[in-house]
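**Student:** Okay, sequence plus prediction incoming.
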Amino acid sequence: MDSSLSSSDQSPGETLPPIPGDWGAETVTIAGRTFELILPGKPEAFLDDPEVIAANRLDDYMPYWATLWPGARTMAGLLKQAPWAAGVELLELGAGIGLVGLVAQSLGHPVVYSDYDPVAVQVCRRNALRNGLADPEVLVLDWRTPPARSFAAILGCEVTYDPKLHEALLNTIESMLQPGGVCWLGDPGRYWSRQFHELASRRFCVKVMNDQLRECSFPSNREFQIFELRKG
């Protein structure tokens, strides 16, 4: 983490709500471009927050959005080689801090940032503006009730962590991905990766690629990979 960042330090129009542990700042360089990120200064502080504890008891909620996960850096660095057309609008699922979407925006794609947590999508929008990108659309999205929208391209990173959410995630992709569309999901090689791959293969044409975008014959439970889902 580069520094702490209080509400008063934010640029005009970028005021974010108070959070446990306060806001921080981090500088990340991807493919030669530097991004200045606003993000929670102490993500672990959320775990002691009464509202988070209550939400967890009610709906198994966890504030995963508050952490800049390592896989986001890897996936962001691969976006120049993504298969979708130049300038196509992208939907990002589970955007969190927004790094992957920011890189996509910097490459010329309009990005709709979505997340279950309303604060997360506020952060994505503020980070886009902070880095001189166009003011993006943001969407509070519960995978259990996807909206009636569709996109030619969808991306997400570190969103396959919970097997209880795999069906809901796949339902959302199936509902919101246009025929002929393509979805990239970055996965760090978690224990449940093979289960997700099996479920996804029942609905989509699925290709697994490593961090060099070389096709793999089966998913890893140790190394970063991208699941490419295509809808016929």
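**Tutor:** That came through fine.

**Student:** Any buried residues in the longest helix along the chain, and which?
**Tutor:** In the chain, with assignment by DSSP state H, the single longest helix is helix 118-130. Buried residues in helix 118-130, defined by neighbour count with 16 or more other CB atoms under 10 Å: 119-128, 130. All C-beta spots, glycine's among them, are computed from the backbone N, C-alpha and C.

**Student:** do stretch 17-35 as well
**Tutor:** For stretch 17-35, a neighbour-count test (16+ other CB under 10 Å) marks 19-21, 23-26, 28, 30, 35 as buried.

**Student:** Just checking, which helix or strand of this structure averages the lowest pLDDT?
**Tutor:** Scoring the helices and strands of the chain by mean pLDDT, DSSP states H and E places strand 3-5 at the bottom, with a mean of 51.

**Student:** Please tabulate the buried residues of helix 118-130 in CSV, including the columns distance to Leu213.
**Tutor:** CSV is the format used below for these (distance: CB to CB, whole Å):
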residue, distance to Leu213
Val119, 33
Ala120, 28
Val121, 29
Gln122, 32
Val123, 29
Cys124, 25
Arg125, 30
Arg126, 31
Asn127, 26
Ala128, 26
Arg130, 29
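
**Student:** Which single one of these is nearest to Leu47?
**Tutor:** Nearest to Leu47, judged by CB to CB, of these is Val119 at 15.5 Å.

**Student:** Pull the distance from stretch 205-224 to the chain's centre.
**Tutor:** 19 Å (CA atoms, centre = their mean, to the nearest Å).

**Student:** how about it: buried residues?
**Tutor:** 206, 208-209, 211, 219-220, 224.

**Student:** For those, work out which two are farthest apart.
**Tutor:** Val206 and Asp211 (17.5 Å).

**Student:** Pull out the buried residues from stretch 169-184.
**Tutor:** 169-170, 172-173, 176-177, 181-184.

**Student:** circling back to that earlier point, what sits up against the longest helix of the chain?
**Tutor:** With CB atoms under 8 Å, 6 or more residues apart in numbering as the test, helix 118-130 has contacts from 10-11, 13-14, 16-17, 19, 35-39, 65-66, 92, 95-99, 101-102, 105, 111, 113-115, 134-136, 138-140.

**Student:** so what's the spatially most central residue of the chain closest to, chain neighbours aside?
**Tutor:** In the chain, the centroid-proximal residue (CA atoms, centre = their mean) is Ala95; its distance is 3.0 Å. Residue nearest to Ala95 in three dimensions, not counting chain neighbours: Tyr113, with 4.2 Å by CB to CB, 6 or more residues apart in numbering.

**Student:** And for the one you found, the neighbour number?
**Tutor:** When neighbours are counted by other CB atoms under 10 Å, Tyr113 registers 30.

**Student:** Likewise for Gln225?
**Tutor:** Neighbour tally, Gln225, other CB under 10 Å: 25.

**Student:** got it, and the one 5 residues further on?
**Tutor:** The number of residues packed around Arg230, counting by other CB under 10 Å, is 15.

**Student:** following the longest helix of the chain, which helix or strand comes up?
**Tutor:** strand 137-140 (DSSP states H and E).

**Student:** Identify each buried residue in that next one, please.
**Tutor:** Buried residues in strand 137-140, counted by 16+ other CB under 10 Å: 138-139.

**Student:** Check which helices and strands the top strand by length along the chain sits against.
**Tutor:** Longest strand in the chain, counting residues (DSSP state E): strand 177-187. Applying 3 or more CB pairs under 8 Å, 6 or more residues apart in numbering; DSSP states H and E, one finds that strand 177-187 contacts helix 70-76, strand 151-157, strand 225-230.
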